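[1] Give me a model of this one.
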Amino acid sequence: RLRNGLGEDAKLHIVVHSMGNRLVLKALSQWSDADGVSRPIDQLALFAPDVGLNDFREWGPAAVARCRRVSLYTSRHDAALIASKGLHAEQRVGDAFPPVLLEGVETIDCSAIDATSFLGHSYYGSNIDVLADLFMLLKRDHSASQRSHLQQKTSTEGTYWRWTATAPHDLWTWHFDHLAE
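    Okay, the predicted model is just below:
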């Protein structure tokens, strides 16, 4: 039903932040495949998820199954997630200490990004580099390996990406004129 009214060639992207990740991930885990669309969502961008590891391990594979690409943005400087970790006594998925890895998810450690925004929790919308990265993800369809400001890192758990440079700031804009029709 989420795709009702969309043409077959339409790309559906979901960008979600903080506790909204719980809602989206749980909904995707309960999604019926009765609509016949194997991967109805093109890109799912999970920013600073305030989701516990156990829930993510339960819900994450369903998100991977229903999305063409899942990107997880994390930071070790996110004070809101550090507080939530203490409250829930469980690491939050958006906390990059250590980076959370799941098969089929591109984990991006944004700890090098300026985290002077409110509690370091709003870096996804207040930092031009992160917005430029999101543009490269959604509009250009670049994987983490195609984004020059990200460097591949390997841990005992697997591979993730770390922010190491300024994201390219080309001239970009979002157009929504077609929605007014």
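
[2] low-confidence ranges in the protein?
    Across the chain, the ranges flagged by pLDDT under 70 are 1-3, 33-38, 114-119, 170-175, 178, 180-181.

[3] which stretches of it form helices?
    Assigned by DSSP state H, the helices in the chain fall at 20-29, 53-66, 79-88, 123-126, 128-138.

[4] Export these to CSV and append columns for distance to residue 9 and mean neighbour count.
    For the C-beta atoms, the positions are set from N, CA and C on the backbone; glycine is no exception. Below are the helices of the chain laid out as CSV (distance: least, Cβ to Cβ, whole Å; neighbours: other Cβ atoms under 10 Å):
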stretch, distance to residue 9, mean neighbour count
helix 20-29, 22, 18
helix 53-66, 18, 18
helix 79-88, 37, 16
helix 123-126, 28, 19
helix 128-138, 16, 19
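
[5] ok, now how distant is the nearest residue to residue 22 once chain neighbours are set aside from residue 102?
    Once flanking residues are discounted, residue 22 sits nearest to residue 51: 5.4 Å by Cβ to Cβ, 6 or more residues apart in numbering. Distance, residue 51 to residue 102, by Cβ to Cβ, to the nearest Å: 12 Å.

[6] Compare the two (neighbour count), which wins?
    Neighbours per residue (other Cβ atoms under 10 Å) separate residue 51 from residue 102, with residue 51 holding more: 31 against 19.

[7] in terms of contact, does the more buried one touch residue 24 like I think?
    No. Residue 51 lies out of contact with residue 24 (Cβ atoms under 8 Å); the separation is 9.7 Å.

[8] So what's the residue count around the closest residue to residue 108 other than its chain neighbours?
    Nearest-residue entry for residue 108: residue 161, 4.7 Å, with adjacent residues in sequence omitted and distances by Cβ to Cβ, 6+ apart. For residue 161, the neighbour count with other Cβ under 10 Å is 23.
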